[in-house]
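Student: coords please:
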Amino acid sequence: MKIINFQLLTISDMELMAISLLVFFIQIYYLLAFYLRLARHKDSSSNQDTNQVTIIIPVRNEEERIREILDKFNEQQFEAYQILVINEFSEDSTFEILNVLAESNPKLKVTSLSQETLFSEKQAINIGLKGASSPWIILLTSFSGTINPEWLLKLNSIIAPETDLVIAYTNVERAKGFRNLICRLERFNQYMISGAWILAGKPFVFNETSVLFKKSMYFDTLGFRHKLNLNFANLELIFNENMKKGRVKLTTNPDLAVREHIEDDRGDHIKLLKKGVQIRQCLSWSKKLSLFLDDVSRILLPLLTVVLIILHPEYWMILLTLPIIIFLLIAVISKILLNRLNERKIFLSSLVYFLIKPIINWWFFWSMYLIHRRSRWN
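Tutor: You can find the predicted model right below:
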């Protein structure tokens, strides 16, 4: 390894190296102060009280699966819960079957949208929250897979007196195909970023499901008023607007994770990306700046290294040291977190995705911005 001789370097060369060192230390800061904290996080279970919980599940045209959707909750080792199913203007017999099931199940409550309307997802959630009798709410989709029998019991145990939200991991079930893989990578990446920022005292979320939250958070802030025109995000907007440092709990317990079964739809990944960009646009400036610094430093370090190697190939070994250190740290943190969440078969692909995700974000940000500008002029 040839040692760099600074006396032979030009001022521009030294400036490039100084910028590279600055970018390196920014990345080190985020990896150690944010992401490593998430990888090492352990749940704290101290609550012995029982909190009444309502599980809200919107459904549409699910007459063949509605019994299966509800049966997964039969073995819950927690009694203080209610299931509120919102029928989103189903065109089959879903609503009739739900009413029959509700007659024999005291924990089941049914409500319905009377017609298909604009912003029906937000309308359904609003109706569900108005109909919920419990102070604590958790939203699931009709595609949620197997639920652990201790799911609600352990979520309840995490609640502390000052807690407003408890956030668990959500992803899609592993299946064959590239589209399934990239959806899993995006969900994992979103949880990794939001979880790291939550533990660092800058809380926000990308996903509204598997979030146990106080119902008062919604009604104390006028719900979706002034947010109806945001097409991709729903309750995430409410959570992110009202989250406070120290009032959010995060769990990495794989028993509390929810995995959803989705069809091989090429639009699912695009929707996740668009929702992620929209959520980031709605965050406070301090969080936007923090996320931007993480993104830009992750991209700049390898680019600056390549430029320096082109200018001074004789120092290539020592110049590669900085990005290699960053890559190894990302690999270790990702591996620890994947093992903790019991997420399999995405280690190498998650590394690549984590490194290129800032570019994907910026691409979607500008494309959505241009579409918005065109629609304004048209």
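Student: contact partners for Leu293?
Tutor: Ile26, Tyr30 (Cβ atoms under 8 Å, 6 or more residues apart in numbering). Just so you know, the C-beta spots here come from the backbone N, C-alpha and C atoms, and that holds for glycine as well.
Student: now the helices for this protein?
Tutor: Taking DSSP state H to define them, one finds helices in the chain at 11-30, 36-39, 66-71, 94-104, 120-131, 151-158, 178-199, 216-219, 235-242, 267-281, 285-311, 316-319, 321-340, 347-377.
Student: report the contact partners of the closest residue to Asp255 other than its chain neighbours.
Tutor: In this structure, Asp255 finds its nearest non-sequential neighbour in Asn148, 4.6 Å apart by Cβ to Cβ, 6 or more residues apart in numbering. Residues counted as contacts of Asn148 (Cβ under 8 Å, 6+ apart) are Lys154, Asp255, Leu256.
Student: can you pick the most crowded of these?
Tutor: Among those, the one with the most neighbours (other Cβ atoms under 10 Å) is Leu256, at 24 neighbours.
Student: could you tell me how far that one is located from Val166?
Tutor: Look at Leu256 and Val166: by Cβ to Cβ, to the nearest Å, they are 9 Å apart.
Student: re the thing from before, could you export the contacts of Asn148 as JSON lines, including distance to Val307 and pLDDT?
Tutor: Shown next, in JSON lines, are these (distance: Cβ to Cβ, whole Å; pLDDT from 0 to 100):
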{"residue": "Lys154", "distance to Val307": "50", "pLDDT": "93"}
{"residue": "Asp255", "distance to Val307": "47", "pLDDT": "94"}
{"residue": "Leu256", "distance to Val307": "45", "pLDDT": "95"}
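Student: now, which of those sits nearest Ile11?
Tutor: Leu256 (55.1 Å; Cβ to Cβ).
Student: I figured that closest one was touching Ser157, is that so?
Tutor: No - using Cβ atoms under 8 Å, Leu256 is not in contact with Ser157, being 10.3 Å away.
Student: sorry, back to before: wait, which of the helices of the chain is closest to Gln52?
Tutor: That would be helix 151-158 among these, by Cβ to Cβ, at 9.6 Å.
Student: now for that closest one, which elements pack on it?
Tutor: strand 53-59 (3 or more Cβ pairs under 8 Å, 6 or more residues apart in numbering; DSSP states H and E).
Student: only C-alpha atoms, please: export the strand it packs on in CSV.
Tutor: C-alpha atoms of strand 53-59 as CSV (Å, rounded to 0.1, in the frame of the first residue of the first chain):
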residue,chain,number,x,y,z
VAL,A,53,-57.7,-2.5,21.6
THR,A,54,-59.7,-2.3,18.4
ILE,A,55,-58.3,-4.0,15.3
ILE,A,56,-59.6,-2.3,12.2
ILE,A,57,-59.6,-4.3,8.9
PRO,A,58,-61.0,-2.8,5.7
VAL,A,59,-62.2,-5.4,3.2
